[in-house]
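K.L.:
any chance you can model this:
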Amino acid sequence: MSAKHGLALMLLVVASSTCKPADAPPTEAPQGQEAAPPTQAPVSPEATAQLDSGSTAFRADDFAGALAHYTKATELAPDLAAAWFGVFMAQEALGNPQGAQEALAKTQKLEPGTDLAHPTAGDTVR
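P.N.:
Just a heads-up that it's a prediction; the model follows:
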């Protein structure tokens, strides 16, 4: 696995592990401050399993398998940015720039600011 893929996989794992448990009490903003935006809905165990399986396949350089799992995760949880980012990584690894860009656009719509989360060919990690 290349360093580029390792960095992308690490970002995907971090993004998917930041989900808040369903039974966590809502947080309140300190007095005088605005409340934080609502948190993402809990991710189903099925979607989480597909995301995890996609990451496992990606680490094994099985990019077609990873794409299948990440795509299933997007079907189960269409608003899960980590799943769309996985589709982006797999499409890029498979040499499908159009599919990669479409998935990245969906990721950016769900999580603005992720455009630089994954270096592309020729970019360097800063």
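K.L.:
just confirm Leu110 contacts Ala83, I think it does.
P.N.:
No. Counting by C-beta atoms under 8 Å, Leu110 stays clear of Ala83, with 9.5 Å between them. Bear in mind the C-beta positions are built from the backbone N, C-alpha and C, glycine included.
K.L.:
if you count surrounding residues, which of the two has more?
P.N.:
Ala83 (32 against 17; other C-beta atoms under 10 Å).
K.L.:
the more buried one: what's it in contact with?
P.N.:
47, 50-51, 54, 70, 73-74, 77 (C-beta atoms under 8 Å, 6 or more residues apart in numbering).
K.L.:
got a markdown table for those residues, with neighbour count and secondary structure too?
P.N.:
Shown next, in a markdown table, are these (neighbours: other C-beta atoms under 10 Å; DSSP: H, G, I helix; E, B strand; the rest coil):
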| residue | neighbour count | secondary structure |
| --- | --- | --- |
| Ala47 | 21 | helix |
| Gln50 | 25 | helix |
| Leu51 | 27 | helix |
| Gly54 | 30 | helix |
| Tyr70 | 30 | helix |
| Ala73 | 28 | helix |
| Thr74 | 21 | helix |
| Ala77 | 22 | coil |
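K.L.:
adding pLDDT and distance to Glu102, write these out as JSON lines.
P.N.:
Formatted as JSON lines, these follow (pLDDT from 0 to 100; distance: C-beta to C-beta, whole Å):
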{"residue": "Ala47", "pLDDT": "95", "distance to Glu102": "20"}
{"residue": "Gln50", "pLDDT": "97", "distance to Glu102": "19"}
{"residue": "Leu51", "pLDDT": "96", "distance to Glu102": "19"}
{"residue": "Gly54", "pLDDT": "97", "distance to Glu102": "17"}
{"residue": "Tyr70", "pLDDT": "98", "distance to Glu102": "13"}
{"residue": "Ala73", "pLDDT": "97", "distance to Glu102": "16"}
{"residue": "Thr74", "pLDDT": "97", "distance to Glu102": "11"}
{"residue": "Ala77", "pLDDT": "96", "distance to Glu102": "18"}
